[in-house]
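*Asks:* attaching a predicted model along with its sequence, questions to come.
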Amino acid sequence: MSTLAHHFDIAPHRIAAMILRYWYLLLSSWPRLLELLYWPALQIITWGFLQTYIAENAGFFARAGGTLIGAVILWDILFRGQLGFSISFLEEMWARNLGNLMMSPLKPIEFLISLMIMSLIRLAIGVIPMTFLAMVLFGFNFYAIGLPLILFFCNLIFTSWSVGIFVSGLVLRNGLGAESIVWTLMFGLMPLSCIYYPVTVLPQWLQYAAWTLPPTYVFEGMRALLMDGVFRADLMVWALAINAVMFAGSFAIFLGLLRSARRHGSLLQGGE
Amino acid sequence: MMNDGSVSSGLPAAGPTVSAAIEVANLVKVYKTARAVDDVSFDIARGSITGLLGGNGAGKTTTIAMIMGLVLATSGRIQVLGHSMPDQSERVLGRMNFESPYVDMPMRLTVRQNLTIFGKLYAVENLPERIEELAANLDLGDFLDRANGKLSAGQKTRVALAKALINRPELLLLDEPTASLDPDTADWIRRHLETYRRTRGATILLASHNMLEVERLCDRVIIMKAGRIEDDDTPEHIMARYNRATLEEVFLDVARGRVQEQAP
């Protein structure tokens, strides 16, 4: 009980200090800033032209206007949200600064909150210009989704943080040898999240697996909204419930991996 | 193993000794099958400078890392400033600090930015003034606004020391504080540590391979070998006991397994 109280006794000034650290880092390197904009822009241009081409040649896709572009933007929120979280964490590993942080009064929960806030900042830098690009180039107004967009966003960002916390724990425990997981794990969820196609396309047994992932509910919800004009609140509630379980689970796993890293001396090594 | 009266054989049953900054009792660390630290016990008096000596793999870094809470002990007990580590670390971490070659300061950030961040983490009051004070004391003024990655080894060590002193720690843990420094810079760092201990009454525990450094700085020396304490006394007593003129000769005796002479 006292351990739990210790974990959740949060000091905002320490979170602010960590955000300041990542902000300084971001401003210290223009290629890092440019990279935040580059990939999302590239994505939206490629998929936007594909959507335009398909819409001109297929009646069904003409009716489903914007689903591909919408899916690309929502996928980017999920993927970039996790990357934004994990890259800030990796910065500490690359800089061999984790020992300094773990020896300071900074608590794991404060560290994780600062990573979450940084993922939002990095996401805003990359995705907001992307949405305007979609509007200008392809006439797709992402914000016209309206209120459901907030729920889509919250569900996707919660999933991205859960995955980010989990992979950060793995890197903490196993060193930079496990870094590739940071870049690839989300792609492993991609086929089951049904970003560009409905869940019904999957074989029945895979559909059960797909419905365990919150993004599946979001992308199904987006298609229902854009194609049928129906907002499926039930899908959002399910996604939120699964996200709550995933989030609590990933935090518990992170603490377990941190303890394991302390037991094995990984915090002193940090290399491969 | 030789102990003087200041070394405990374990923690007192009644609780932490008020005068001890660090109390370590029956500390053991096993990595898979290797016993990195093997039943080590010692107390470190407040306001003292103690040197932890030993060859590579002697268990110095692991011992210090366990005191800091970076590594969990397999068994044994650690009290730091009267609190159990790592269970009560939140009561202690703000009152201590460390410097180690196993960690770096972020390279892309300037010295001032790094010190600002750590100062905020430690809730240092009047932080800009504290940074200026450290810059003056440690001669950082010329490169305060330069990226840490662009500094020389000596400058980086001074910056790491500034980070370690940012919160005016009561307890300072240093792992090889002058490694890879030229003699002038190393001497300069030692003088600063002596001054800090004298003016603040701080406790310093340092691991070092530099015997001259330990002779000059330390009130007491703990020599480790293969995870165990081989000897523990003042530098003068240890040299007398081994009938040697320098700690370096004692170190070689211990490392090569020579039997110590009886003190006259």
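*Replies:* Great, that's in hand. Everything numeric here is computed off the predicted structure, so don't read it as measured data.
*Asks:* secondary structure element for B:His237, which one?
*Replies:* Under the criterion of DSSP states H and E, B:His237 resides in helix B:235-241.
*Asks:* who touches the helix or strand that that helix is followed by?
*Replies:* Sequence-wise, the next helix or strand downstream of helix B:235-241 (DSSP H and E) is helix B:247-255. By CB atoms under 8 Å, 6 or more residues apart in numbering or on different chains, the residues outside helix B:247-255 that reach it are B:53, B:55, B:211-212, B:214-215, B:221, B:223, B:225, B:230-231, B:235, B:238-239, B:242, B:244, B:258, B:260. C-beta coordinates here come from the backbone N, C-alpha and C atoms, glycine included.
*Asks:* and if you look at stretch B:37-45?
*Replies:* Here stretch B:37-45 makes contact (CB under 8 Å, 6+ apart) with B:6-10, B:17, B:19-29, B:50, B:59, B:62-63, B:66, B:73, B:76, B:203, B:205, B:222, B:224, B:226-229, B:232.
*Asks:* so which bits of stretch A:115-127 are buried?
*Replies:* Across stretch A:115-127, burial judged by 16 or more other CB atoms under 10 Å in any protein chain shown covers A:115-119, A:121-123, A:125-127.
*Asks:* give me the contact list for that stretch.
*Replies:* Residues outside stretch A:115-127 that contact it (CB under 8 Å, 6+ apart): A:15, A:18-19, A:22-23, A:26, A:33, A:36-37, A:39-40, A:73, A:76-77, A:80-85, A:87-89, A:157, A:160-161, A:164, A:168.
*Asks:* and for stretch B:182-192?
*Replies:* The contact list for stretch B:182-192, computed with CB under 8 Å, 6+ apart, reads B:137-138, B:154, B:157-158, B:161, B:177-178, B:181, B:210, B:213, B:216-217.
*Asks:* farthest-apart pair in those, please.
*Replies:* Farthest-apart pair in those is B:Asn137 and B:Asn210; separation 22.1 Å (CB to CB).
*Asks:* when these two are compared, which one has more neighbours?
*Replies:* With neighbours defined as other CB atoms under 10 Å in any protein chain shown, B:Asn137 and B:Asn210 compare such that B:Asn210 has more, 21 against 15.
*Asks:* looking at the sheet around B:Phe42, what are its partners?
*Replies:* Applying DSSP bridges to B:Phe42 gives these bridge partners: B:Val24.
*Asks:* now stretch A:159-167: mean pLDDT?
*Replies:* For stretch A:159-167, mean pLDDT is 96.
*Asks:* show me where the stretch 1-150 of chain B has its strands.
*Replies:* Taking DSSP state E, counting those that start in this stretch as the test, the strands found in the stretch 1-150 of chain B are B:2-3, B:20-31, B:34-45, B:49-53, B:75-80, B:83-85, B:96-99.
*Asks:* can you give me the end-to-end span of stretch B:236-250?
*Replies:* Taking CA to CA, to the nearest Å, stretch B:236-250 runs 11 Å from one end to the other.
*Asks:* which of the contacts of stretch A:115-127 are close to chain B?
*Replies:* A:Met18 (CB under 8 Å from any CB of the partner chain).
*Asks:* so which of the contacts of stretch A:115-127 are in helices?
*Replies:* If you go by DSSP state H, the contacts of stretch A:115-127 have A:15, A:18-19, A:22-23, A:26, A:33, A:36-37, A:39-40, A:73, A:76-77, A:80-85, A:87-89, A:157, A:160-161, A:164, A:168 in helices.
*Asks:* okay, now the unreliable bits of chain B?
*Replies:* Along chain B, segments meeting pLDDT under 70 span B:1-18, B:258-264.
*Asks:* show me which residues of chain B sit near chain A.
*Replies:* Residues of chain B lying near chain A by CB under 8 Å from any CB: B:31, B:61-62, B:65, B:68-72, B:86, B:90, B:93-94, B:97-98, B:100, B:102-109, B:113, B:116-118, B:120-123, B:147, B:163.
*Asks:* filter the residues you listed down to the buried ones.
*Replies:* B:61-62, B:65, B:68-72, B:86, B:93-94, B:97-98, B:100, B:102-109, B:113, B:116-118, B:120-122, B:147, B:163.
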